[in-house]
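Student: The sequence isn't on hand, but the structure is:
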Ligand code: GUN
């Protein structure tokens, strides 16, 4: 029998509310731009194909733009678009002075080289923070457009008052989008980071043992309910990045969104835990909006 904290709302990290707070701040910044006669930020999104998850994410990104007073443009293409055609659309957005920043929703169809598409985005418009220039600047500690999910995780910890300095963070998963960049950000010599970081992946030996030594667990492997109670030490902070759709006949949509953490088992142990949905997901969108504001103001790459 594992003892720990009872599941109460007090150990739930409310990413939705935190993201709302950030959106209120962004809306105020937009109002200030308008008041001085400047144009409002404009985010564009490219969506290829009809993946249900991607459609939802992009819809939520467009809705968030409306919420804070941005302009937004959604460019949709069928999944038979060629790589050359997609690269031409990226080039158009790069050249369009009305668009401050844009994203290409991933994953892309297999016949398109996603790395090539990301590299074609101008770094100053790369509000996903995926371009090697932004990733490199982040690693070097230079001002950069930071990837949204990793910076959203750090912002969430900061705004929840969770101390990170000197803590051992174990990141599970080494994707370019989350695992690798969040491990770098958490290790930075910053007030909001300063963790000792262990990055675990599919070849890691003794994964459960390593996880049990963590003060902070970041689960980003895309395997539903992978992190179980035996992998988490009582009092740990647990950040769940997973959002896998699993069939669920009891839901109107026919699926349920599952995180990478077995919430029922792990929540009673954790001192703080993010739910899925309503944890990291809304923070990703809030940070995308923040990057778009930075791009519009030319904060990282002066115009
Ligand atoms: N697919 C999953 N997460 C993301 C994201 O943050 N940005 C983009 N463009 N695609 C994604």
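Tutor: Looks like it arrived, so ask away. Source: prediction; values computed, not measured.

Student: Identify the residues contacting residue 172.
Tutor: Residues counted as contacts of residue 172 (CB atoms under 8 Å, 6 or more residues apart in numbering) are 179, 200-201, 207, 211, 217-221, 226-227, 260. Every residue, glycine included, has its C-beta placed from N, CA and C.

Student: Spatially nearest residue to residue 53, not counting backbone neighbours?
Tutor: In space, and not counting its chain neighbours, residue 53 is closest to residue 245: 6.1 Å by CB to CB, 6 or more residues apart in numbering.

Student: picking that back up, just name the closest of the contacts of residue 172 to residue 112, please.
Tutor: Using CB to CB, residue 179 comes nearest to residue 112 of the contacts of residue 172, at 22.7 Å.

Student: And for that closest one, the neighbour number?
Tutor: 24 (other CB atoms under 10 Å).

Student: Which of the helices or strands spans the closest residue to the ligand within the stretch 1-150 of the chain?
Tutor: Nearest residue of the stretch 1-150 of the chain to the ligand: residue 106, at 3.7 Å (CB to the nearest ligand atom). According to DSSP states H and E, residue 106 maps onto no helix or strand at all.

Student: now swap in residue 133 and tell me
Tutor: helix 132-140.

Student: need the contact list for residue 143.
Tutor: Residues in contact with residue 143, defined by CB under 8 Å, 6+ apart, are 137, 299, 300.

Student: Can you lay out the residues you listed as CSV showing pLDDT, distance to residue 14 and neighbour count?
Tutor: CSV is the format used below for the contacts of residue 143 (pLDDT from 0 to 100; distance: CB to CB, whole Å; neighbours: other CB atoms under 10 Å):
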residue, pLDDT, distance to residue 14, neighbour count
137, 98, 31, 19
299, 97, 28, 12
300, 97, 29, 19
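
Student: Just give the nearest non-adjacent residue to the residue of the stretch 1-150 of the chain closest to the ligand, would you?
Tutor: Residue 106 sits nearest to residue 114 (CB to CB, 6+ apart), 6.0 Å away.

Student: I'd like the distance between the one you found and residue 108.
Tutor: Separation of residue 114 from residue 108 (CB to CB, to the nearest Å): 5 Å.

Student: what's near enough to touch the spatially most central residue of the chain?
Tutor: Relative to the mean C-alpha position of the chain, the nearest C-alpha, by CA atoms, centre = their mean, is the one of residue 149, at 1.6 Å. For residue 149, the contact set (CB under 8 Å, 6+ apart) comprises 177, 178, 182, 241, 280, 283, 284, 287.

Student: quick one, phi psi at it?
Tutor: The phi/psi pair for residue 149 (degrees, to the nearest 10) reads phi -70, psi -50.

Student: quick revisit: which outside residues touch the helix holding residue 133?
Tutor: Contacts for helix 132-140 (CB under 8 Å, 6+ apart): 118-119, 123, 126, 129, 143-147, 176, 181, 184-185.

Student: Try it again at 6 Å.
Tutor: The contact list for helix 132-140 (CB atoms under 6 Å, 6 or more residues apart in numbering) reads 123, 126, 144, 145, 146, 184.

Student: do stretch 90-104 as well
Tutor: With CB under 6 Å, 6+ apart as the criterion, stretch 90-104 contacts 41-46, 117, 120-122, 125, 127-128, 292, 295-296.

Student: Between residue 114 and residue 108, point out the one with more neighbours.
Tutor: residue 108 (22 against 17).
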